[in-house]
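A.B. asks: I would like the atomic coordinates for the input below:
(one chain, ligands or ions: 2)
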Amino acid sequence: MTENLQLGALLAACHWIGQKGWSPATGGNMSVREGDAHCLITESGKDKGSLTAEDFLLVELESGLAPSGRRPSAETGLHTMLYSRYPETGAVLHTHSVNSTVLSRVERSGALVLEGYEMQKSLSGQTSHLDQVVIPIFDNGQDIPALAQKIIASSEHAPLQYGFLLRGHGLTCWGRDVAEARRHLEGLEFLFQCELQRRLLEAK
Ligand SMILES: CSCCC(=O)C(=O)COP(=O)(O)O
Ligand SMILES: [Zn+2]
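C.D. replies: Ligands and ions are numbered 1, 2, ... in the order given. Next comes the predicted model:
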């Protein structure tokens, strides 16, 4: 297999995510596309803040299996769903920050609507704080194929953009490459922190 040029960038992103405290314990999983039919994804159960290149497994998008026989992330099905449905997706980052975990519970509806923030423009295609950024929230579940099916069904009428939240669980976001996925993660995390603080202050 030829070297995946995005793997170094993904490794650096994982270390940065760990330093930010967005993947405590063994939380989170990260991947990059490897051609049309595969991705490289983190092995299940690793501390994502201290990974090495050997901790990424080649996985078939169609089966979700690693030909090596090692165990890829328990949430591989959400990554393969994104790569399969959105061919422009080049990297996927899933994190467990406090803000995404809390906000996805505080917001009881099926979406977090962000508006009025200049930092919305950190998301590709966003040009004004006056527009709405809608981040869907799906109820968490341990049956990943069923969860992926629910997300696919929702995306039929509301195409996915940037990321989605799993309630009480965390954020999954993506981009055309690792740099874009990382910018979306940092932008969304900033927006989540602002939104949580705004709600706290305005509730008083
Ligand atoms: C304490 S982490 C629970 C599982 C999870 O949500 C996660 O993101 C990590 O799972 P993986 O199999 O990718 O290590
Ligand atoms: Zn998770």
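
A.B. asks: Please name the spatially closest residue to the residue nearest to the spatial centre of the chain (chain neighbours excluded).
C.D. replies: By C-alpha atoms, centre = their mean, the chain has its centre lying nearest to residue 172, at 2.0 Å. Nearest residue to residue 172, sequence neighbours excluded (C-beta to C-beta, 6 or more residues apart in numbering): residue 94, at 4.4 Å. Where you see a C-beta, it was placed from the backbone N, CA and C, and this is true even at glycine.

A.B. asks: my guess is that neighbour is in a strand, correct?
C.D. replies: Yes. Counting by DSSP: H, G, I helix; E, B strand; the rest coil, residue 94 is part of a strand.

A.B. asks: so what's residue 18 up against?
C.D. replies: Residue 18 makes contact with 47, 48, 49, 50 under the criterion C-beta atoms under 8 Å, 6 or more residues apart in numbering.

A.B. asks: Mind picking the one among these that's closest to residue 82?
C.D. replies: Nearest to residue 82, judged by C-beta to C-beta, of the contacts of residue 18 is residue 48 at 17.8 Å.

A.B. asks: who in the protein is up against ligand 1?
C.D. replies: Proximity of the chain to ligand 1 is confined to 25, 26, 27, 28, 29, 42, 44, 45, 73, 74, 75, 94 under the rule C-beta under 6 Å from any ligand atom.

A.B. asks: want to throw those residues into JSON lines with pLDDT, secondary structure and neighbour count?
C.D. replies: Shown next, in JSON lines, are the residues of the chain next to ligand 1 (pLDDT from 0 to 100; DSSP: H, G, I helix; E, B strand; the rest coil; neighbours: other C-beta atoms under 10 Å):
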{"residue": "25", "pLDDT": "98", "secondary structure": "coil", "neighbour count": "10"}
{"residue": "26", "pLDDT": "98", "secondary structure": "coil", "neighbour count": "15"}
{"residue": "27", "pLDDT": "98", "secondary structure": "coil", "neighbour count": "18"}
{"residue": "28", "pLDDT": "98", "secondary structure": "coil", "neighbour count": "26"}
{"residue": "29", "pLDDT": "98", "secondary structure": "strand", "neighbour count": "27"}
{"residue": "42", "pLDDT": "98", "secondary structure": "strand", "neighbour count": "25"}
{"residue": "44", "pLDDT": "98", "secondary structure": "coil", "neighbour count": "16"}
{"residue": "45", "pLDDT": "98", "secondary structure": "coil", "neighbour count": "10"}
{"residue": "73", "pLDDT": "99", "secondary structure": "coil", "neighbour count": "25"}
{"residue": "74", "pLDDT": "98", "secondary structure": "coil", "neighbour count": "13"}
{"residue": "75", "pLDDT": "98", "secondary structure": "coil", "neighbour count": "23"}
{"residue": "94", "pLDDT": "99", "secondary structure": "strand", "neighbour count": "28"}
